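[1] Whatever this is, show me its structure:
(one chain, ligands or ions: 1)
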Amino acid sequence: MTADENRDLEAEVRAYVGREVSAPKRGKDDVNLAMIRHWTEVTGDENPVYHDPEFAAKSSKGGIIAPPTMLQIWSMEGYSMCQEPELDVQRELHKVFDAHGYVGVLGTNTVTEFYRDLRPGDQVTAHTVIDNISERKTTGRGVGYFIETVTKFTDQSGADIGRQVFRVLKFKPNAETAEAKTSTAGAAAEKPALPTRIQAPRGHDNAWWWEAIDQGKLMIQRCKGCGSLRHPPRPMCGKCNSTAWDAIESSLDGEVYSFTELHYPKFPGYPYPLLCAVVQLREGTRLIANLAGCAPEQVFIGMKVKGKVERVDDKTMLPNFYPA
Ligand SMILES: [Zn+2]
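    Have a look, this model is predicted:
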């Protein structure tokens, strides 16, 4: 893309800043007990102030409230947005980016403020504006722009009840990025590295496992109390509750217990077709890993596989499983 084309795109998209995404959206349902119950069941939040009227009445809240994190839920479009969603200003803006090759979209972060508790019967209306579009940025996912929307939530009396900032990255996925890398026009300053896979979070309980992978070894955690094997790594044995453990190295022999082919969304840094399998290891534990060296139509449940811990990109070692 030339500098002129960038200027055209930027002039076009900057005209969207400050615009309302749509007319204010009143939630389809007012705050209600059934939706609160569904939400707390799904999230596993057992706080009785969300469902027990007697407890809630005696609590500092003085009655049942909705979980604050449901704020955005009340005014969401629901499943209709999966069909043919209305073309609002935000979707229109995304189409402008799409037309210039910035077809990738990645939610990056969201910040929400809550001003008061919501109670059954409250009505929530969302007012969303395109608040900001960043300068062009070079990121690990590709070259792109951060778009920030700000949603103000109001109640039945028009009072503010919360505010949410939502940030997405609209970017050019890897092929376009590679093009930008070799382009001489205006792209000299941006030489993004080829995208790598999303890195697995390494915490207190699983860092050792990933460090072994980095050394080319697939380990299986073993309980020192009862000898049972477990995966993924965790601090306590589910059979005998012992927290003492060591690990054995896997033979990498196994078979396909289940598998799927991932089609969408296509992430930069991943090879397609992308086959993900639950592999039953000879040792007895299972793990999720990619299948390699075979076409999707060749894979079947029960297929014998052999693993190989190998480098898949600049940053990542992973066990891949091949037909045995
Ligand atoms: Zn045990």
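
[2] pLDDT score for Cys82?
    Per-residue confidence (pLDDT) for Cys82: 72.

[3] Against Met76, how distant is it?
    Relative to Met76, Cys82 is positioned 12 Å away (Cβ to Cβ, to the nearest Å). All C-beta spots, glycine's among them, are computed from the backbone N, C-alpha and C.

[4] More neighbours: which of those two?
    Ranked by neighbour count (other Cβ atoms under 10 Å), Cys82 and Met76 place Met76 first, with 14 against 8.

[5] which residue sits closest to that one, ignoring its sequence neighbours?
    Gly27 (7.9 Å; Cβ to Cβ, 6 or more residues apart in numbering).

[6] Surely Val278 is in contact with Ser258?
    Yes. The pair Val278 and Ser258 passes the contact test of Cβ atoms under 8 Å, sitting 4.5 Å apart.

[7] The two: who's more crowded?
    Val278 (15 against 12).

[8] Could you tell me which residues of the stretch 201-324 of the chain lie near the ion?
    Cys223, Gly225, Cys226, Cys237, Lys239, Cys240, Ser242 (Cβ under 5 Å from the ion).

[9] from the residues you listed, which ones fall inside strands?
    Among those, DSSP state E puts Cys223 in strands.

[10] Closest one of the residues of the stretch 201-324 of the chain next to the ion to Ser22?
    Checking these against Ser22 with Cβ to Cβ, the nearest one is Cys237 at 53.0 Å.

[11] ok, Pro268 to the ion distance?
    41 Å (Cβ to the ion, to the nearest Å).

[12] swap in Ala126?
    Distance from Ala126 to the ion, by Cβ to the ion: 50 Å.

[13] Kindly report the same for Gly307.
    25 Å.

[14] tell me the helices in this structure, going along the chain?
    3-14, 33-43, 53-58, 89-99, 174-182, 207-214 (DSSP state H).

[15] For those helices, give me TSV that also has mean pLDDT and mean neighbour count.
    As requested, the helices of the chain are exported to TSV (pLDDT from 0 to 100; neighbours: other Cβ atoms under 10 Å):
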stretch	mean pLDDT	mean neighbour count
helix 3-14	86	13
helix 33-43	94	13
helix 53-58	97	13
helix 89-99	93	16
helix 174-182	51	17
helix 207-214	97	16
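
[16] Which parts of this protein belong to which domain?
    In the domain annotation for the chain, the residue ranges read 3-49+62-182, 207-323 (automatic domain parsing).

[17] measure the last one end to end?
    Length of domain 207-323, first residue to last, Cα to Cα, to the nearest Å: 29 Å.

[18] How far off centre is that domain?
    Centroid displacement of domain 207-323 relative to its chain, using Cα atoms, centre = their mean, to the nearest Å, is 21 Å.

[19] shaky segments in the protein?
    1-2, 174-192 (pLDDT under 70).

[20] Dead centre of it: give me the residue that sits there.
    For the chain, the residue sitting closest to the mean C-alpha position, by Cα atoms, centre = their mean, is Gly107 at 7.6 Å.

[21] what's the closest non-adjacent residue to it?
    Val168 is the one closest to Gly107 (Cβ to Cβ, 6+ apart), at 5.4 Å.

[22] partner residues bridging the one you found?
    Gly107, Ile147 (DSSP bridges).

[23] Count the residues that sit near it.
    Using other Cβ under 10 Å: Val168 sits among 20 other residues.

[24] ok, now the one 4 residues further on?
    By other Cβ under 10 Å, the residues close to Lys172 number 23.

[25] Quickly note the distance from it to the ion.
    Where the ion is concerned, Lys172 sits at a distance of 50 Å (Cβ to the ion).

[26] That residue and Leu106 touch, don't they?
    No. Using Cβ under 8 Å, Lys172 makes no contact with Leu106, being 11.9 Å away.

[27] what sits against His231?
    Ile220, Gln221, Thr285, Arg286, Leu287 (Cβ atoms under 8 Å, 6 or more residues apart in numbering).

[28] which one of these is nearest the ion?
    Gln221 (10.4 Å; Cβ to the ion).

[29] Tell me what that closest one is bridged to.
    Following DSSP bridges, Gln221 is listed with bridge partners Arg230, Ala247.

[30] Contacts only, for the nearest residue to Arg26 once chain neighbours are set aside.
    Excluding the flanking residues, the one nearest Arg26 by Cβ to Cβ, 6+ apart is Thr125, at 4.6 Å. Counting by Cβ under 8 Å, 6+ apart, Thr125 makes contact with Pro24, Lys25, Arg26, Gly27, Ser75, Phe153, Thr154, Asp155.

[31] which pair in the residues you listed spans the largest distance?
    Once Cβ to Cβ is applied, those give Lys25 and Asp155 as the farthest pair, at 13.7 Å.

[32] In stretch 154-162, which residues are buried?
    Thr154, Asp155, Ile161, Gly162 (16 or more other Cβ atoms under 10 Å).

[33] neighbours around Pro268, how many?
    Neighbour count for Pro268, taken as other Cβ under 10 Å: 20.

[34] Double-check it against Ile198; I have them as touching.
    No. The pair Pro268 and Ile198 fails to qualify as a contact (Cβ under 8 Å) at a distance of 10.0 Å.
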